[in-house]
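> Below are the sequence and a predicted model; questions follow.
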Amino acid sequence: MLIKKLPPLQSFQLLVSRPASHLARQQYDVIVVGGGHAGTEAAAAAARVGAETLLVTQKIHTIGALSCNPSLGGVGKGQLVKEVDALDGLCGRAGDWAGIHFSILNRRKGPAVWGPRAQLDRQRYREFIQSELLGTPRLTVLEGSVEELLVTEPNPEKPGHHRVTGIRLANGNHSISASSVVLTTGTFLSGSLFMGQTTSPGGRIGDAPSSAGLSHTLRERLGLRIGRLRTGTPPRIVKDSVDLSQAKLHPPDRHPTPFSFLNKNTRCKPEDQLPCYLTFTTPGVERVVRESLHLNCHIQQDTKGPRYCPSIESRVLRFPGRRHQVWLEPEGVTSDLLYPQGLSMTMPPDVQLRLIREIPAMHRAEIRTPGYGVQYDFVCPTQLSPALQVKSTQGLFLAGQINGTTGYEEAAAQGLWAGVNAARWALSMSPVILSRTESYIGVLIDDLVTRGVTEPYRMFTSRAEFRTALRPDNADLRLTLKGFEEVGCVSSLRYQETVRVKDNLQEVLEALQTLVLSTPSWRKKMPNILMSENKSRSLSGMDVLQYNDVSFEMLASVFPECLSPYMEFSQRLKIEAVYRPLCDLQKKDIERIQKEENMSLPLDIDYFSLPVSLSQEVREILDRVRPSTLGAATRLEGITPAAIAHLLNYARHTGQKERRMHRNQVDQKED
């Protein structure tokens, strides 16, 4: 059982609820602005790397809050949670502590696209995150609102037009200095709330709006391209007012699967998990939507919203005549509310009640908090480097919805990586990059900085070219060792556990390869397994484990002396056996992409005067996006194969020239 003693919430509030003038220091290595999923991961990661870090948030008690849906993970998103955990992030362990309904989505498909997911208790999740921050060395938390960034002339030895040196707080004109700043403003950057025909400033209902000065700094002082996106949330329904007998029961998995590689179990016992329920919209729902369009100014806006999590108004208008799913999800063990996933809406509250009561299971439902829409500014992410640093501004990093993404998991992944690189910048260390060949985090960041967004970005397994290798089960082997040895964000405890797992898996895989028998011999030892009698070739234990009806437990019962010590890895070994042939076939493609990624393109290159054959359109695209590597350039829309060939020759020539200069410098020093 997962055991953790949480300190009282009051102790966290007492620690951080002090004025900025009483801070122990006025100079930090890293300042993180925002206490959501991106901000908490960024602050914790920067502190783990070794930077003195300050987290500034508007309200203490909302740190780690689940602003919208009370869930974590899913298809694609679950892979991100596993990778954040492998890099010693917070959200995976928080999910194991707060989860009340665990399930693996896509179970009927291959393990590479399984989606670990959990319904969460809102209060438990928030308490866990705040407890982790309270216990993180080198991390200070301050309640306050950031008015603007402090900007000065750039360091001439590094690319960029500006340099960030800290922040200025609102209400007092108090300044705090830092070597780097991470902005994780979520939906609060010039945020506006919409309900019916009413509009008010803010990024979340019940919270104060963000300062206009920060948005002004980004747009006017730093000259960044800013866009506008929208999202929304459904009303919260009183549980006792819903007739759940008219909805379909969806129980959780009987054996919960933890997110974190450090946990063998979840805090919630299997028998204590809560169910979810499925129901559907009716023609009456569509009628209410159409009759109230003139009362809904949010849906009339042309601002882009999330295509994969749209409002009920958008779904009805786009797919008329359909039944749409509505999931009724619990908000906590002691909560009396249900979250109607699929019913995000922005119509007036009285119309929302009419709409909900058109669904049979909710014909007498009561609304505790109405749904609403949010519109907010985001920074076009092609202006960022793969380290999530603004290319034109030294020391400024962005993460989360400010980069045009949607979802807790995408925000957490960006926050961790931005925090890592902000700390490394402050400590005069080189930035670290994650390739799309080694992680979903790498896919996410590469998609953002090379392709940009026209709508809120959501992670899917289909976005990863090598998803058979980027599986949820092996995120620790892919990232934890690198996180400790190269990045510096992983604890020695997690590193040692991963080394143990790696060594054991290597031993048992070698043992399986040495168990070589003829097909008739395998049939004698395992008579219940269907093996072709026409095949007489020899098979290893690894080959046999690839059969659908063969499990590692079955092999261990036949060869107990060499396999039984490794029973804890039975599922991982089965998955490894199934996918190893596919991964071997992909190795050449992965090596090719990694080779291209290693060919760097200088960020200050003048593409308009570059002495290679490129069209004016290609030069304009390259100048606007400024890809950091040849691999990133290949993924830009509008870049032709011929242009890539010319860039390849240029990169090779430049690399050879730099190597010659380096050798000459070494020779001169030796002379």
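Looks like it arrived, so ask away.
> hey, let's count contacts and neighbours off CA atoms from now on
Noted.
> T406 contacts L444, correct?
No - counting by Cα atoms under 8 Å, T406 sits too far from L444 to count as a contact (11.6 Å).
> distance of D503 from L477?
Separation of D503 from L477 (Cα to Cα, to the nearest Å) stands at 11 Å.
> ok, the residue nearest in space to the middle of the chain - contacts?
Centroid-nearest residue in the chain: E410, 2.6 Å away (criterion: Cα atoms, centre = their mean). Counting by Cα atoms under 8 Å, 6 or more residues apart in numbering, E410 touches K77, L80, G400, L444, R458, M459.
> Endpoints of stretch 190-198, how far apart?
Distance between the boundary residues of stretch 190-198 (Cα to Cα) amounts to 16 Å.
> could you give the mean pLDDT of that stretch?
Averaged across stretch 190-198, the pLDDT comes to 89.
> if we look at that stretch, which residues are touching it?
With Cα under 8 Å, 6+ apart as the test, stretch 190-198 has contacts from 199-205, 209-212, 215, 295-298, 346-349, 371-377.
> Just the buried residues of stretch 571-582, please?
Neighbour-count burial for stretch 571-582, counted by 16 or more other Cα atoms under 10 Å, picks out L573, K574, I575, E576, A577, V578, Y579.
> and R635, how far is that from I590?
Relative to I590, R635 is positioned 15 Å away (Cα to Cα).
> ok so, going back, just the element for the residue nearest to the centre of the chain, please.
Using DSSP states H and E, E410 sits in helix 408-426.
> How about the secondary structure of K109?
Here K109 is recorded as coil under DSSP: H, G, I helix; E, B strand; the rest coil.
> Run a quick neighbour tally on it.
9 (other Cα atoms under 10 Å).
> so how far is Q246 from it?
Remark: distance between K109 and Q246 (Cα to Cα) = 30 Å.
> what does G110 give?
Distance, G110 to Q246, by Cα to Cα: 33 Å.
> ditto for M459
In terms of Cα to Cα, M459 sits 33 Å off from Q246.
> got it, and S392?
Distance of S392 to Q246, computed by Cα to Cα: 56 Å.
> So for the two, which sits in the more crowded spot?
Between S392 and Q246, counted using other Cα under 10 Å, the more crowded position is S392 (21 against 14).
> so that one sits right up against P154, yeah?
No - using Cα under 8 Å, S392 is not in contact with P154, being 9.4 Å away.
> can you list residues touching both of those two?
Residues within reach of S392 and of P154 at once, by Cα under 8 Å, 6+ apart, are G160, H161, H162.
> Mark which of these are buried, thanks.
Using 16+ other Cα under 10 Å as the burial test, the shared contacts of S392 and P154 include G160, H161, H162 as buried.
> Export those residues as CSV, with columns for distance to A469 and pLDDT.
Below are the buried ones among the shared contacts of S392 and P154 laid out as CSV (distance: Cα to Cα, whole Å; pLDDT from 0 to 100):
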residue, distance to A469, pLDDT
G160, 36, 91
H161, 40, 93
H162, 40, 95
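> just the residues you listed now: which is nearest H653?
G160 (24.8 Å; Cα to Cα).
> For the closest residue to that closest one other than its chain neighbours, which residues are in contact?
Sequence neighbours aside, S392 is the residue nearest to G160 in space, at 4.2 Å (criterion: Cα to Cα, 6 or more residues apart in numbering). Counting by Cα under 8 Å, 6+ apart, S392 touches P159, G160, H161, H162, L222, Q383.
> where does the stretch 551-671 of the chain dip in pLDDT?
Scanning the stretch 551-671 of the chain for pLDDT under 70 picks out 654-671.
> now the helices for the stretch 301-450 of the chain?
312-318, 349-356, 408-426, 440-451 (DSSP state H, counting those that start in this stretch).
> One more: the stretch 501-650 of the chain?
519-525, 541-545, 552-558, 560-563, 570-597, 616-625, 630-634, 641-670.
> will you turn the buried residues of stretch 571-582 into JSON lines that also has distance to R267?
As requested, the buried residues of stretch 571-582 are exported to JSON lines (distance: Cα to Cα, whole Å):
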{"residue": "L573", "distance to R267": "26"}
{"residue": "K574", "distance to R267": "27"}
{"residue": "I575", "distance to R267": "26"}
{"residue": "E576", "distance to R267": "28"}
{"residue": "A577", "distance to R267": "31"}
{"residue": "V578", "distance to R267": "31"}
{"residue": "Y579", "distance to R267": "31"}
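> Kindly indicate which of those residues lies nearest I237.
The closest of the buried residues of stretch 571-582 to I237 turns out to be I575 (Cα to Cα; 40.8 Å).
> Point out where the stretch 301-450 of the chain drops to low pLDDT.
301-305, 308.
> And the pLDDT for L66?
In this model, L66 carries a pLDDT of 94.
> Please determine how far F569 is located from L105.
For F569, the distance to L105 - Cα to Cα - is 21 Å.
> now S175
Noted for S175: a distance of 47 Å to L105, by Cα to Cα.
> Pick out whichever of these two has more residues nearby.
Taking other Cα under 10 Å, S175 and L105 do not tie; S175 has more neighbours (21 against 16).
> Torsion angles phi and psi at the more buried one?
Main-chain torsions, S175, degrees, to the nearest 10: phi -110, psi 140.
> Give me the secondary structure label for the closest residue to it other than its chain neighbours.
Nearest residue to S175, sequence neighbours excluded (Cα to Cα, 6+ apart): R168, at 4.3 Å. R168 falls in the strand class when you classify it by three-state DSSP.
> Identify the residues contacting R168.
R168 neighbours (Cα under 8 Å, 6+ apart): V146, E147, E148, L149, L150, H174, S175, I176.
> Bridge partners for the fourth one, pull those for me.
Residues in a beta bridge with L149, per DSSP bridges, are I167.
> quick one: it from K391, how far?
Distance from L149 to K391, by Cα to Cα: 16 Å.
> More neighbours: those two, which one.
Just comparing L149 and K391: by other Cα under 10 Å the higher neighbour count belongs to L149, 27 against 23.
> The more buried one and L214 touch, don't they?
Yes - look at L149 against L214 with Cα under 8 Å: they come within range, at 6.7 Å.
> Tell me who's in contact with F460.
Applying Cα under 8 Å, 6+ apart to F460 gives the contacts V75, G76, K77.
> For it, give me the pLDDT.
Predicted confidence (pLDDT) at F460: the value is 92.
> For it, give me phi and psi.
As for F460, its main-chain torsions (degrees, to the nearest 10) stand at phi -130, psi 150.
> Run a quick neighbour tally on the closest residue to H37 other than its chain neighbours.
Nearest non-adjacent residue to H37, counting by Cα to Cα, 6+ apart: A412, 5.0 Å away. Neighbours of A412 under the rule other Cα under 10 Å: 27.
> mind listing what the residue nearest to G638 when sequence neighbours are not counted touches?
Once flanking residues are discounted, G638 sits nearest to V618: 6.9 Å by Cα to Cα, 6+ apart. V618 is in contact with G638, I639, T640, A643, counting by Cα under 8 Å, 6+ apart.
> Need the phi and psi values for the third one.
It stands for T640. Main-chain dihedrals, T640, degrees, to the nearest 10: phi -80, psi 160.
> Fine by me, we can end here.
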